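[1] Prediction below, plus the sequence it came from.
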Amino acid sequence: MTSSSIQTIIPMIAYLAVSIGIALWARQKSAKTTSQGFIEEYFIGSRTMGGFVLAMTIIASYTSASSFIGGPGVAYRFGLSWVLLAMIQVPTAFLTLGVLGKRFAIVARQTQSVTITDYLRARYNSDAVVILCSVALIVFFMAAMLAQFIGGARLFQTVTGYPYAVGLSLFGISVVLYTAVGGFRAVVLTDAIQGIVMVVAVVVVLLAVINAGGGVAKCVSTLKGIDPGLITPTGPDNAVPQAFTMSFWVLVGIGVLGLPHTTQRCMGYRDSRAMHDAMVIGTLLIGFMILCAHLAGTFGRAVFPDLPAGDLAMPTMILELLSPVWAGVFIAGPLAAIMSTVDSMLLLVSAAIIKDLYIHYRLKGDASRMPVATLKRTSTWITAVVGLLVFVAALEPPDLLVWINLFAFGGLEAAFLCPIVLGLYCQSGNSRGAVASIVCGVTAFMALSIMKPAMGGIHAIVPTTLVSVTAYMLGSYLGHRAPALRDSSRST
């Protein structure tokens, strides 16, 4: 082990140690709760998030390995066109909280919902909706978590020189451990720290790349000399057509309203002021972070023009341009993005199994029938086992990291977007419409993703969303009207 490799790994070890410490502290917060109190504390942190923590946990849950490795890697290949496309993600926090925030939080409190599936059960009063959504959540989250684990381990391997399995074990076991032990409170507090780490990391690497390239103007000039298409809105050889860019407004713009790990955050904030603060903080920070990361990938082409693969852009810049200590800090950045996405997904998969399926169907929805010590132990073990399954699958990694991630996100949006959003705003919606939306939407997305028909550059999520909305409306028209939830117009 060389001196530089030790310096590189120390910041990451320190960061992981802090995460475990937070989990142990969060575990103590639930030490004296009842069974029902533990469910609310473990899966939603007793609804106590302030504005800054809410903003950071939405940002950290949404950003992932794709944001720090896959996205900048594609920007390396396609230039400023991919930076433009990536910036569609800027309104993520604003849309999530502005469209869902207040109404969703009120309904969740009225119905005592702790998970997205709790809300869907209260809204549609349908076992079919609950089971379909729980299965979709588990399947697509497992795929998304697999992409995160692989991305983190590959980055660790490239930068430190340690074997892939070592990196996978180090951060994989850490994130599973602190999520299983600390629950939602540990997740959101570590998310806040992870968000800060990510912002610092992208600024450091962007400044290093611009300096190495001779300044912004020189970098742009070099890119133009390599391929004029790298500085156009549609990329080299029209690789990013306008139709594809518009599709991304659905996939990573409006579609974020259908991502359970971000929308669930709307259940856990303290009050309206916290929500409004988070809308501003979250929008500013996620825009800044995504811009820096993808500009770094693009300008990296001017400094290292001959890399064999775009995914090597970030690791190469870290190795070549940063000191060992700063390299360690930057490794902590994408690992933070990965861990903050995985911990949210792990918790929701655990909630789907324990709260939405086992407690509801086996215990008739009465958590008090299970002793609190047993409930804590079961929650911890289920979370750990799910994480272990993903860890094992990641030991033999497939390729195409960014596309695995986008596939998982598209599947989640196909399943959840209409039942969640139209369930809040369309009073005539019912269980038949929700089931039709889930089945038709997921089927359409899977078919289009596998068969890949020519659609003029349009992403599969666009026709999928049209199919899903149509199925929801037709199914609701043909079905019986669902019982209305109580008025949600008053403020929190």
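    Perfect, thanks for sending it.
[2] what's the span of stretch 93-109 from first residue to last?
    For stretch 93-109, the first-to-last residue distance is 21 Å (Cα to Cα, to the nearest Å).
[3] Pull up the per-residue confidence for the residue nearest the centre of the chain.
    A centroid search over the chain (Cα atoms, centre = their mean) returns residue 62, at 3.3 Å, as the residue closest to the centre. In the predicted model, residue 62 carries a pLDDT score of 71.
[4] and it, what is it in contact with?
    When contacts are counted by Cβ atoms under 8 Å, 6 or more residues apart in numbering, residue 62 is found next to 89, 92, 93, 256, 259, 261, 262, 286, 341. Where you see a C-beta, it was placed from the backbone N, CA and C, and this is true even at glycine.
[5] Any buried residues in stretch 224-241, and which?
    Along stretch 224-241, the positions that meet the burial threshold by neighbour count (16 or more other Cβ atoms under 10 Å) are 227, 229, 230, 231, 232, 234, 235, 236, 239, 240, 241.
[6] Which of those residues fall within helices?
    Judged by DSSP state H, helices contain none of the buried residues of stretch 224-241.
[7] And these, which is closest to residue 314?
    Distances from the buried residues of stretch 224-241 to residue 314 were compared by Cβ to Cβ; the smallest belongs to residue 230, at 17.5 Å.
[8] Just give the closest residue to the closest one, not the sequence neighbours.
    Distance criterion Cβ to Cβ, 6 or more residues apart in numbering; nearest residue to residue 230, sequence neighbours excluded, is residue 79 at 3.1 Å.
[9] Ramachandran coordinates for the one you found?
    Listed backbone geometry of residue 79 is phi 80, psi -150, with angles given as degrees, to the nearest 10.
[10] from the contacts of residue 62, which single one is nearest residue 137?
    Once Cβ to Cβ is applied, the member of the contacts of residue 62 that ends up nearest residue 137 is residue 261, at 9.2 Å.
[11] Please report the distance of the nearest residue to that closest one once chain neighbours are set aside from residue 318.
    Counting by Cβ to Cβ, 6+ apart, the nearest residue to residue 261 once its immediate chain neighbours are dropped is residue 344, at 4.0 Å. Distance of residue 344 to residue 318, given as Cβ to Cβ, to the nearest Å: 26 Å.
[12] How confident was the prediction at the residue nearest to residue 261?
    Turning to residue 344, the model gives it a pLDDT of 71.
[13] try residue 462
    89.
[14] element containing it, please.
    Assigning secondary structure by DSSP states H and E places residue 462 in helix 461-478.
[15] And for that helix, what's in contact with it?
    For helix 461-478, contacts defined as Cβ under 8 Å, 6+ apart pick out 246-247, 250-251, 255, 410, 413-414, 417-419, 422, 426, 428-430, 432-441, 444-445, 448, 455.
[16] In PDB, list the C-alpha atoms belonging to that helix.
    C-alpha atoms of helix 461-478 as PDB (Å, rounded to 0.1, in the frame of the first residue of the first chain):
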ATOM      1  CA  ILE A 461     -40.900   7.000 -21.400                       C
ATOM      2  CA  VAL A 462     -42.900   9.500 -23.600                       C
ATOM      3  CA  PRO A 463     -45.300   7.000 -25.200                       C
ATOM      4  CA  THR A 464     -45.300   5.000 -22.000                       C
ATOM      5  CA  THR A 465     -46.600   8.000 -20.100                       C
ATOM      6  CA  LEU A 466     -49.300   8.600 -22.700                       C
ATOM      7  CA  VAL A 467     -50.300   5.000 -22.500                       C
ATOM      8  CA  SER A 468     -50.400   5.100 -18.700                       C
ATOM      9  CA  VAL A 469     -52.400   8.400 -18.500                       C
ATOM     10  CA  THR A 470     -54.900   7.000 -21.100                       C
ATOM     11  CA  ALA A 471     -55.300   3.700 -19.300                       C
ATOM     12  CA  TYR A 472     -55.900   5.600 -16.000                       C
ATOM     13  CA  MET A 473     -58.600   7.800 -17.500                       C
ATOM     14  CA  LEU A 474     -60.300   4.900 -19.300                       C
ATOM     15  CA  GLY A 475     -60.100   2.600 -16.300                       C
ATOM     16  CA  SER A 476     -61.400   5.200 -14.000                       C
ATOM     17  CA  TYR A 477     -64.300   6.000 -16.300                       C
ATOM     18  CA  LEU A 478     -65.300   2.300 -16.500                       C
END
